[in-house]
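Asker: Model the structure of this input:
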Amino acid sequence: MTVVPSDPRAPVLVAGRRTAIGTSGHALAGVDVTGLAAPVLAAVARAVAPLDRPIDDVVLGNCLGPGGDIARVAALAAGLGDDVPGVTVDRQCGSGLDAVLQAASRVRAGDAELVLAGGAESASTAPWRFWPPAPGADPVRYTRAPFAPAGWPDPDMGEAADALAAKLGIGRAEQDRYAARSHALSHAAATAGRFAAEIVALPELSTDQRPRAGLGERRLARLRPSFAPDGTATAGNSCGVSDGAAVLAVTTEGAARAVDLPCLRILGSAVAAGRPDLPGLAPAAAVRRLVDRTGVSIGAIGAVEITEAFASVVLAAIDELKLDEDRVCGEGGAIGLGHPWGASGAILLLRLMSRLLAPSSSGGTVGCGLGLAACAIGGGQGLAMLLAHPEA
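Answerer: Numbering: from 1, shown residues only. I've put the predicted structure just below:
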C-alpha cells in the first residue's frame, strides 16, 4: 500500500450523497435542478453536523440549467441559512468534479474549512432557448453551448465518440463488450444495495431507474448506431441522458479525524486540453499530468472511475494509460446508471468513496487505498483527481 504522509490541513472528502438517477423525461421529469440539489445539500449538511463549524460556501456544477446562481438558490432552498453563499460552475460534463476541485483548492489554501460541492442536472426541465432571429427570419432554437469557436470543428459528443473509435480502431464488438460489463455491474451493485446508503430518496424516485438485467453483448449487438449510419456508438454502449444531483463535503483531514468521520484525502487534481473534435483523448492527458504532479504511478492506483459517456471513451483511456480494466468502474458507471451531466463528476467521487471505504471480507479496505476519477469534457478537455484512503 502506498504511504501518504498525514497532513491535518489537507483537504478530504466526507459525507457524499446523491439523488437516485432518473432517465430524462421519466420519474424526475417534474423536478427542477433546485429541487434535485436542495435535498442532497440538506442531507450532506446533516451528515457533517459533528464537525460543528459553519459552511463556508456551496459550489455546484451545472450545464443546461435555467441560468443564475443555482448553488445559492439551492443552498437557500435546502435551509442552510441565508448566511451560506453559493457559486455555480460550468465545465460541461466535468462540472461536478471541477466544483469539488475548486472546493479542495480553497481548503488547501486555508481560505475555507468546510465547503459543500458537487453538481446537479435536470435535463428534463432544462429551458428551451432561441437565438435572436435575423430580420425577416424565424428564430433558431439554441440546443447547446458551442464547444469551440466558429471555424473550428465542433461535433456533438456522440459524433466525437464515433470519430474517436474510428481513429483508435475501437470496434463495435469491443464497445458492446464493455457496455455489457457496465450494465451487469450496475445492476449487480443496485441489487446488492450498495447504492442505498448514498441515495437521498425523493418523493418521485428512491432508486436508480436505468440499471436492468439482460443487456448482454448479443442483445446490445442488435441496436442500431445512434449518431451516424456507419457509427459504432449506440443507445446501449453510450450513457443515458439523465436527471440527478450529487454533493460531497470538503473539509480538512484534521477536522474529519477529530470527529471520526470516514474520509478520503484529495492528493491532487489536474486539467488538460487537446483537440476539440476528439475530447475522448483528453482524460489520459489529464491523468498523466496528475501522476507527474503527485509522483504516484498509475500502476499503484487500485480503483479508477471514468465517466462512461461512451464505451469508446473509457476504452481509449484504458488503452492509453495501460489500465487494468478490472480496476475501472467496478460498480458500473454512466452506461449502466445514466449521465446527469453537471452531477456526473461528483458521482465518480461517490463511487470511489464506496469502493475505497467499503470494508473487505478481512475487515480491511479494498484495493491499495488509492483512487482516480477522470472525465472527458466537450471541447477537448480532460479532468482528473487522485484520492487516498487515510490509512494509505
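Asker: Which parts of the stretch 51-200 of the chain are strands?
Answerer: Using DSSP state E, counting those that start in this stretch, the strands of the stretch 51-200 of the chain run over residues 57-61, 86-89, 114-122, 129-131, 140-142.
Asker: so where's the stretch 251-392 of the chain uncertain?
Answerer: 359-368, 392 (pLDDT under 70).
Asker: was I right about residue 306 contacting residue 283?
Answerer: Yes - shown here, residue 306 and residue 283 form a contact pair, counting by CB atoms under 8 Å, at 6.3 Å. For every residue, glycine as well, the C-beta is placed using N, CA and C.
Asker: now the strands of the stretch 51-200 of the chain in TSV, with mean pLDDT and mean neighbour count?
Answerer: What follows is those, written out as TSV (pLDDT from 0 to 100; neighbours: other CB atoms under 10 Å):
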stretch	mean pLDDT	mean neighbour count
strand 57-61	98	29
strand 86-89	98	20
strand 114-122	98	32
strand 129-131	90	11
strand 140-142	90	10
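Asker: closest one to residue 269 among these?
Answerer: The minimum distance between residue 269 and the strands of the stretch 51-200 of the chain falls on strand 114-122, with 12.2 Å, by CB to CB.
Asker: ok, back up a step: what sits in contact with each of residue 306 and residue 283?
Answerer: 313, 317, 374, 375 (CB atoms under 8 Å, 6 or more residues apart in numbering).
Asker: contacting residues for the last one?
Answerer: Yep, that's residue 375 we're talking about. Contacts of residue 375 (CB under 8 Å, 6+ apart): 93-94, 97, 283, 306-307, 309, 344-345, 348, 382-384.
Asker: Surely it is within a helix?
Answerer: No - remark: residue 375 does not belong to a helix; assigned using DSSP: H, G, I helix; E, B strand; the rest coil, it is strand.
Asker: who does it bridge with?
Answerer: residue 383 (DSSP bridges).
Asker: Starting from residue 147, give me the distance back to it.
Answerer: 15 Å (CB to CB, to the nearest Å).
Asker: go on, the second one?
Answerer: For residue 317, the distance to residue 147 under the criterion CB to CB works out to 19 Å.
Asker: Compare those two and say which one has the larger neighbour count.
Answerer: residue 317 (26 against 21; other CB atoms under 10 Å).
Asker: tell me which element that one is part of?
Answerer: helix 311-321 (DSSP states H and E).
Asker: Check residue 246 too.
Answerer: Per DSSP H and E: residue 246 is located in strand 242-252.
Asker: helices or strands up against that strand?
Answerer: strand 11-18, strand 22-23, helix 33-47, helix 95-109, strand 114-122, helix 341-357 (3 or more CB pairs under 8 Å, 6 or more residues apart in numbering; DSSP states H and E).
Asker: Pick the most buried one from the ones you listed.
Answerer: strand 114-122 (a mean of 32; mean count of other CB atoms under 10 Å).
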